[in-house]
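Engineer: Kindly return the folded structure for what I paste below:
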Amino acid sequence: MEDKFVLGGKEFKSRFILGSGKYNLNLIKAAVEQGGAEIITLALRRANTQEKDNILDFIPKGVTLLPNTSGARNAEEAVRIARLSRAMGCGDFVKIEIMRDAKYLFPDNYETVKATEILAKEGFVVLPYMNPDLNVARDLQNAGAAAVMPLAAPIGSNKGLATKAMIQVLIDEIDLPVIVDAGIGKPSQACEAMEMGAAAIMANTAIATAGDVPEMAAAFKLAIEAGRKAYLTGMGRVLARGGSASDPLTGFLR
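Structural biologist: Next up is the predicted model:
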């Protein structure tokens with residue numbers, strides 16, 4: 001059975017999405033060549049042609065840009081940034097990031113729903129970053145989101161699946177791809193999220209701060225693929241009590 005990952009009518013082979021907040025050329029090159037990433041986030045300020053380094057110059061052709069609204073504090077600012085990104089030729093994909101909290105960088109779910117509804121009506125493929133909450137996820141789906149992107153842990157923390165139970169609820173109850181975003185610190189954590197049924201993983205800090213960036217990108221690729229395969233195959237049973245012999249006990253110790 002063919003396993004397709006589709007966003008906004010576009011099909012992707014890779015389920016690894018690179019966040020580019022900790023931008024450097026080595027990271028982008030490794031994520032594409034070793035990690036197989038086909039989607040890379042892009043903060044609008046990174047595409048400013050007045051900067052010495054323009055991130056657009058380093059993203060290979062064929063990679064889908066996912067502009068984000070980083071820096072937006074409310075829906076109005078997020079909508080303005082999204083419209084600017086499309087006017088600059090960055091396409092119709094947009095990741096909504098709205099944060100008023102400077103310490104923990106938690107997303108503002110209420111403003112995110114408002115921005116999603118406006119932009120979806122304008123034809124954007126909207127991927128909202130959110131605190132994992134079932135009612136908010138349902139509101140985002142009704143607003144026209146193409147996927148939901150719950151945080152696993154605070155951005156850049158590498159703490160792993162701190163919100164695992166709530167993410168599982170979204171996977172079980174929402175009829176949209178669930179892309180686990182923020183906080184994934186190890187390939188094993190990415191694998192676990194995929195085993196749960198996540199559609200994709202976004203990672204940045206775990207790779208950007210690794211001792212060997214290309215090898216870590218390759219490790220994430222393998223972990224995400226392994227987790228997806230395990231989910232599709234069907235995980236083995238878990239016994240609540242006791243054990244079950246893997247070999248017959250007939251004649252045991254006779």
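Engineer: Every contact and neighbour count from this point should use C-alpha atoms.
Structural biologist: OK.
Engineer: Quick check: next helix or strand after the lowest-mean-pLDDT helix or strand in the chain?
Structural biologist: Here the helix or strand of the chain ranked lowest by mean pLDDT, DSSP states H and E is helix 25-33, holding a mean of 73. Per DSSP states H and E, the first helix or strand lying C-terminal to helix 25-33 is strand 39-43.
Engineer: who's in contact with that following strand?
Structural biologist: Residues from elsewhere that reach strand 39-43 (Cα atoms under 8 Å, 6 or more residues apart in numbering): 16-21, 55, 63-70, 95.
Engineer: In the stretch 51-200 of the chain, where is pLDDT below threshold?
Structural biologist: Residues of the stretch 51-200 of the chain meeting the criterion pLDDT under 70: 51-58, 60.
Engineer: Could I get the full set of helices for it?
Structural biologist: Counting by DSSP state H, counting those that start in this stretch, the segments of the stretch 51-200 of the chain that form helices are 75-87, 109-121, 134-143, 164-173, 187-196.
Engineer: can I get these in TSV with distance to residue 225?
Structural biologist: Converted to TSV, the helices of the stretch 51-200 of the chain look like this (distance: least, Cα to Cα, whole Å):
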stretch	distance to residue 225
helix 75-87	31
helix 109-121	30
helix 134-143	26
helix 164-173	18
helix 187-196	8
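Engineer: which one of these lies closest to residue 211?
Structural biologist: Between residue 211 and those, the tightest spacing by Cα to Cα is seen for helix 187-196, at 14.0 Å.
Engineer: So which elements touch the closest one?
Structural biologist: helix 164-173, strand 200-203, helix 213-233 (3 or more Cα pairs under 8 Å, 6 or more residues apart in numbering; DSSP states H and E).
Engineer: ok, the residue lying closest to residue 226 once chain neighbours are set aside - contacts?
Structural biologist: In this structure, residue 226 finds its nearest non-sequential neighbour in residue 191, 6.5 Å apart by Cα to Cα, 6 or more residues apart in numbering. Going by Cα under 8 Å, 6+ apart, residue 191 touches 223-228.
Engineer: How about residue 73?
Structural biologist: Residue 73 touches 98-100, counting by Cα under 8 Å, 6+ apart.
Engineer: What's the local residue count around residue 163?
Structural biologist: Number of residues near residue 163 (other Cα atoms under 10 Å) recorded here: 16.
Engineer: hmm, back to that, distance to residue 242 and mean neighbour count added to the helices and strands packed on helix 187-196, as CSV?
Structural biologist: What follows is the helices and strands packed on helix 187-196, written out as CSV (distance: least, Cα to Cα, whole Å; neighbours: other Cα atoms under 10 Å):
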stretch, distance to residue 242, mean neighbour count
helix 164-173, 25, 17
strand 200-203, 35, 25
helix 213-233, 24, 20
